[in-house]
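Engineer: Just need the structure, nothing else, for what follows:
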Amino acid sequence: MMKNISPIYLYFISLVAFVVANVLREKNDFAYGAFLGIGIVVFLFAIYKKFGSN
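Structural biologist: Reported below is the predicted structural model:
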């Protein structure tokens, strides 16, 4: 599924995940950690796709 997604869209998804994590920081610790983890994983995957595809 994520094979054909451009890295720019993955960066955008990670940015949205970081923003949602910061909005939920004080309200729900579990959601904060989940969105922060998702953001980090998607960001690292985008870097891998950008530099690993050469």
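Engineer: make it CA atoms for all contacts and neighbour counts henceforth
Structural biologist: OK.
Engineer: Mind jotting down where the helices sit in this structure?
Structural biologist: 7-23, 29-52 (DSSP state H).
Engineer: Outside of the last one itself, list whatever touches it.
Structural biologist: For helix 29-52, the surrounding residues in contact (CA atoms under 8 Å, 6 or more residues apart in numbering) are 7-8, 10-11, 13-18, 20-22, 24-25.
Engineer: Distance check, Ile13 against Gly37.
Structural biologist: To Gly37, Ile13 is 12 Å away according to CA to CA, to the nearest Å.
Engineer: and what of Val19?
Structural biologist: Counting by CA to CA, the gap from Val19 to Gly37 is 12 Å.
Engineer: Check Leu15 too.
Structural biologist: Taking CA to CA as the measure, Leu15 falls 12 Å from Gly37.
Engineer: that older thread, where is pLDDT lowest across the contacts of helix 29-52?
Structural biologist: Within the contacts of helix 29-52, Pro7 has the lowest pLDDT, namely 83.
Engineer: What is the neighbour count of that one?
Structural biologist: By the criterion of other CA atoms under 10 Å, Pro7 has 19 neighbours.
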